[in-house]
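> only geometry, no sequence info:
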């Protein structure tokens with residue numbers, strides 16, 4: 001008997017106000033697996049993960065974490081059940097320093113646990129006393145990414161982590177994700193950058209017009225097929 005999925009989105013619909021952006025979407029993510037969610041801008045990818053992580057109320061469907069129903073659970077409770085969410089926008093607190101952003105949810109406010117990430121992304125080390133609002137867009141993405149991974153959750157949902165990030169740092173992101181996958185961490189990643197997708201994805205899910213139009217093993221879908229769903 002196969003192990004049940006760690007994270008389940010089961011026939012979820014929802015959007016903003018009375019308008020449905022996502023329609024009857026289902027997907028699962030297993031332990032140690034990275035599922036990459038692809039599609040053109042505006043097809044509902046970010047809306048789906050916001051629904052799944054409790055930042056929007058679902059009109060229908062169920063979200064489960066380790067078998068427990070977390071549909072509609074306040075986002076502030078997600079970390080307690082092992083779920084971390086890194087948003088696409090407003091990824092950091094601009095008025096706090098880099099160090100304060102990283103340790104905001106830690107009682108001791110110590111940076112000891114971030115040593116490995118500072119080694120991988122030395123720019124964050126150099127800027128740890130600066131306000132996050134002074135960082136470039138790509139640096140803010142790195143800060144959000146590091147904070148998310150350092151939380152140590154079993155399930156990490158990340159929306160467009162590579163947006164504005166330099167190529168060498170995208171590769172480093174992929175290496176860190178691969179290492180966490182090897183330890184059993186699961187990832188659902190909304191992404192357009194095929195460099196990252198091809199390095200981390202075990203499965204690919206493609207959305208269009210609020211629905212899933214393709215799902216399958218990453219090795220079974222050609223790059224040209226993916227690109228056809230990313231361009232107008």
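Looks like it came in fine. Given the structure is predicted, the values throughout are model-derived calculations rather than measurements.
> ok, residue 148 - how many residues close by?
Neighbour count of residue 148, defined by other Cβ atoms under 10 Å: 20. Where C-beta positions appear, they are placed from N, C-alpha and C, glycine not excepted.
> is it in a helix, a strand, or coil?
helix (DSSP: H, G, I helix; E, B strand; the rest coil).
> and the pLDDT for it?
Note on residue 148: pLDDT of 93.
> any idea how far it is from residue 87?
10 Å (Cβ to Cβ, to the nearest Å).
> which helix of this protein spans the most residues?
Once the chain is assigned using DSSP state H, the helix that runs over the most residues is helix 167-182.
> right, and residue 3 touches residue 31 too?
Yes: between residue 3 and residue 31 there is a contact at 7.0 Å, judged by Cβ atoms under 8 Å.
> end-to-end on stretch 36-56?
For stretch 36-56, the first-to-last residue distance is 21 Å (Cα to Cα, to the nearest Å).
> all strands of the protein, in order?
Listed in chain order, the strands of the chain (DSSP state E) span 7-16, 19-29, 34-38, 58-65, 68-69, 83-86, 155-159, 186-190, 203-208, 211-217.
> about what we covered before: counting by contacts, list what the longest helix of the chain packs against.
Under the contact definition 3 or more Cβ pairs under 8 Å, 6 or more residues apart in numbering; DSSP states H and E, helix 167-182 sits against helix 115-120, helix 137-150, strand 186-190, helix 194-200.
> how far off centre is the first one?
It stands for helix 115-120. From the chain centre to the centre of helix 115-120 is a distance of 20 Å (Cα atoms, centre = their mean, to the nearest Å).
> same question for that helix: list its buried residues.
Within helix 115-120, the residues that count as buried by 16 or more other Cβ atoms under 10 Å are 117, 118, 120.
> what is the nearest of those to residue 126?
residue 118 (9.3 Å; Cβ to Cβ).
> next one: the closest residue to the closest one other than its chain neighbours from residue 102, what distance?
Nearest residue to residue 118, sequence neighbours excluded (Cβ to Cβ, 6 or more residues apart in numbering): residue 125, at 4.2 Å. According to Cβ to Cβ, residue 125 and residue 102 sit 11 Å apart.
> more neighbours, those two?
residue 102 (25 against 16).
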